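J.: sequence unknown, structure follows:
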């Protein structure tokens with residue numbers, strides 16, 4: 001998340017273990033987990049290659065996210081309580097505070113809480129787990145996409161629009177606001193991807 005390990009670079013497990021002050025076994029197990037989730041590729045006798053998602057993978061990731069998040073909005077709108085709306089505004093205010101300090105990593109943490117809380121209101125374990133399974137990849141892309149000047153205030157506006165429609169009991173409006181938010185985030189992720197490729201001469 002802090003971009004300490006660069007996409008396209010290969011690192012040795014030994015050097016990572018030394019840097020973290022740990023033995024190789026837990027580091028290797030952690031890297032296996034990260035590889036299974038699409039963050040890196042383990043190369044025998046060479047080390048670990050930090051991946052960069054392809055354009056198709058980014059499209060697929062956000063398409064999956066959009067289906068889940070819009071479904072969640074449709075399911076919860078008729079039953080959301082004033083206390084839950086208040087909780088959403090509290091999380092939103094934490095995002096705004098992170099915007100004001102230009103704290104991208106902190107913003108991602110609050111953004112994750114915002115979307116996770118919305119999903120939890122469905123009380124659908126399968127939906128919650130499906131979104132959680134891709135959330136790390138979404139955050140990995142998101143923290144980079146949010147480095148574009150002016151993006152954080154845009155996200156704040158998009159989040160607020162969803163809450164306002166939910167508070168009004170407007171399922172269609174809330175779902176549309178969520179779609180706009182996810183599509184805008186996808187666009188920013190792809191813009192970041194193109195900028196990185198140009199910087200690397202790809």
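T.: Received the coordinates, thanks. Computed from a predicted model, the values in this text were never measured in an experiment.
J.: helices or strands up against whichever helix in the chain runs longest?
T.: If you go by DSSP state H, the chain has its longest helix at helix 171-199. Judged by 3 or more C-beta pairs under 8 Å, 6 or more residues apart in numbering; DSSP states H and E, the packing partners of helix 171-199 are helix 55-76, helix 125-145, helix 151-167. From N, CA and C alone the C-beta is placed, and that goes for glycine too.
J.: mind listing what's buried in stretch 166-178?
T.: 166-167, 171, 173-178 (16 or more other C-beta atoms under 10 Å).
J.: now swap in stretch 94-111 and tell me
T.: In stretch 94-111, counting by 16+ other C-beta under 10 Å, buried: 94-96, 98-99, 104, 107-111.
J.: ditto for stretch 4-22
T.: By neighbour count with 16+ other C-beta under 10 Å, stretch 4-22 contains the buried residues 7, 11, 13, 16-17.
J.: Look at the residue lying farthest from the centre of the chain and report its pLDDT.
T.: Here the centre of the chain is the reference, and by C-alpha atoms, centre = their mean the most remote residue is residue 45, at 31.9 Å. In this model, residue 45 is scored at 85, pLDDT.
J.: Which strand or helix spans it?
T.: Assessed by DSSP states H and E, residue 45 sits outside every helix and strand.
J.: And the one 4 residues further on, by the same measure?
T.: Element membership of residue 49 [criterion: DSSP H and E] is strand 47-50.
J.: And for that strand, what's in contact with it?
T.: 5-13, 16, 31, 35, 39-43 (C-beta atoms under 8 Å, 6 or more residues apart in numbering).
J.: Mind checking which of the residues you listed are in strands?
T.: 10-11, 40-43 (DSSP state E).
J.: So which of those sits lowest on pLDDT?
T.: When the ones in strands among the contacts of strand 47-50 are compared, the smallest pLDDT is that of residue 40, 90.
J.: Could you pull up the residues touching that one?
T.: 31, 34, 48-51.
J.: top of those by neighbour count?
T.: residue 48 (23 neighbours; other C-beta atoms under 10 Å).
J.: how close does residue 100 sit to residue 126?
T.: 37 Å (C-beta to C-beta, to the nearest Å).
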